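Trainee: have a look at this prediction, sequence included:
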Amino acid sequence: MADEGNIISDLNLDGNGADTDPSAGIITQYVKDLSVENPNAPQSHSWQGTPQIDIQFNIGARPIEGEVHEVELKITAKAGYDEGAAYMVELTYCALVGMRNLEDGQAHAFLYAEAPRILFPFARRIIADAVRDAGFAPLMLDPIDFNGLYVQQLAAQQNDGIGAPVGNA
């Protein structure tokens, strides 16, 4: 027979019965915006050679209500030849994220590193399909180390004095 005291402590319930364990997860994910341009069709489909590919991405997050935030993963993929632009795909892929009982640093890391890592495979497929549907070979984006990029960004901010402690000791 289990001791009720152990069950309550294992669940980390406070005196009012509220769950105090830290938690975070994806509630839903969705395409917020998708734009596909094929500006030089049909000529671009006969151009020879290897296109120059430019990939840009940006991560944003904003509070929605209470414990819910929206995370945006924006990806722009452009391909061009000497003759001109072949295609451009712009995708804003989002998720609603629920977070409870996280410290600020943990919440920030989840919003800007972990959530984009979870979203990326889905966004990657959408980009590949959009490029294929524009009449080109699917663009398979390389995996991105969002955690590594997050750590680099934090280090750069601290080196710039943005994250430096304020005050005198």
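Mentor: Perfect, thanks for sending it. This one's a predicted model, so the numbers in the text were calculated from it and none came from an experiment. Residues are numbered from 1 along each chain as shown.
Trainee: pLDDT below threshold where in the chain?
Mentor: 1-19, 161-169 (pLDDT under 70).
Trainee: let's see 50
Mentor: 1-11, 13-14, 163-169 (pLDDT under 50).
Trainee: in this protein, where's the longest helix?
Mentor: Looking across the chain with DSSP state H, the single longest helix is helix 115-133.
Trainee: buried set for it?
Mentor: Neighbour counts using 16 or more other CB atoms under 10 Å place 115-120, 123-124, 127-128, 130-131 of helix 115-133 among the buried residues. (Glycine included, C-beta is placed from N, CA and C.)
Trainee: output the residues you listed as JSON lines; include the columns distance to Trp47.
Mentor: Shown next, in JSON lines, are the buried residues of helix 115-133 (distance: CB to CB, whole Å):
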{"residue": "Ala115", "distance to Trp47": "38"}
{"residue": "Pro116", "distance to Trp47": "33"}
{"residue": "Arg117", "distance to Trp47": "35"}
{"residue": "Ile118", "distance to Trp47": "36"}
{"residue": "Leu119", "distance to Trp47": "32"}
{"residue": "Phe120", "distance to Trp47": "30"}
{"residue": "Ala123", "distance to Trp47": "27"}
{"residue": "Arg124", "distance to Trp47": "25"}
{"residue": "Ile127", "distance to Trp47": "21"}
{"residue": "Ala128", "distance to Trp47": "20"}
{"residue": "Ala130", "distance to Trp47": "19"}
{"residue": "Val131", "distance to Trp47": "15"}
